[in-house]
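K.L.:
Fold the stuff below for me.
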Amino acid sequence: MSLLDGKQIALVVGQKNYDEKEFRFLYDYLEEAGADVIVASNTAEKALGRLEGYVTPDTRIADLDPQEFDAIVLVGGYGARVYLWNDEETHQTLRKFAQNHKTIAAIGAAPTALAKAGVLDKRKVTAFPDYESKLILEESGAQLSQENLVVDDHIITAKTNRQLQAFAEAIVEKLKG
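P.N.:
Sure thing, here's the model as predicted:
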């Protein structure tokens, strides 16, 4: 029996310029751990990575129902900044996952989308260290840490894709219960 048998995870990418290294590693790692991984993006059209990769989403972010999932994981990269930070449908979905106490994980530029969704108040988090992210995270009430990986209850954040292994392990550890 695998660690995450029966667990459903929504892996979210921005419609364009998502970090392909993060996506591929997380998708493979979580599937190998036994989870059913569903890919979601802003639309159901092919999502393009920042280099040459792409993925055809299984569903739209707006159509994710937290009752059907154990976790939502946001992939970073410039695509998170452009397609997730200011997308109200993404924010609504994140708030629903938070209200249902589901595991929410984000890496790199993606934690800022959590801040903009309003789910980080008084939460300790980390994110890619850029000035705009820092301001948004602090304004949201988040407690910004310079640590590479932060787990605060059901919220898991990682600074960069150099923490992919530890980030994926933290997700698995949280979900295996």
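
K.L.:
who's in contact with the spatially most central residue of the chain?
P.N.:
For the chain, Leu74 is the residue whose C-alpha lies nearest the centre (CA atoms, centre = their mean; 1.8 Å). By CB atoms under 8 Å, 6 or more residues apart in numbering, the contact list for Leu74 reads Val12, Ala80, Leu84, Ile104, Ala105, Ala106, Ile107, Ala110, Pro111, Ala113, Leu114. In short, each C-beta sits where N, CA and C put it, glycine included.

K.L.:
Val55: which of those is nearest?
P.N.:
Ranked by distance to Val55 (CB to CB), the contacts of Leu74 are led by Val12 at 11.1 Å.

K.L.:
what residues are up against the closest one?
P.N.:
So Val12 contacts Val39, Ala40, Ser41, Ile61, Ile72, Val73, Leu74, Val75, Leu84, Thr90, Ala110 (CB under 8 Å, 6+ apart).

K.L.:
Tell me which residues are up against stretch 155-168.
P.N.:
By CB under 8 Å, 6+ apart, stretch 155-168 touches 19, 21-22, 25-26, 29-30, 76, 103-108, 111, 114, 119-120, 123, 125-129, 147-150, 170-171, 174.

K.L.:
can you tell me which of those residues are in helices?
P.N.:
Lys21, Glu22, Phe25, Leu26, Tyr29, Leu30, Pro111, Leu114, Ala170, Ile171, Lys174 (DSSP state H).

K.L.:
Dump those into CSV; add neighbour count as well.
P.N.:
Converted to CSV, the ones in helices among the contacts of stretch 155-168 look like this (neighbours: other CB atoms under 10 Å):
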residue, neighbour count
Lys21, 17
Glu22, 28
Phe25, 18
Leu26, 25
Tyr29, 18
Leu30, 23
Pro111, 33
Leu114, 31
Ala170, 19
Ile171, 27
Lys174, 17
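
K.L.:
Kindly confirm whether my reading is correct that Ala33 touches Gly6.
P.N.:
No - using CB atoms under 8 Å, Ala33 makes no contact with Gly6, being 11.7 Å away.
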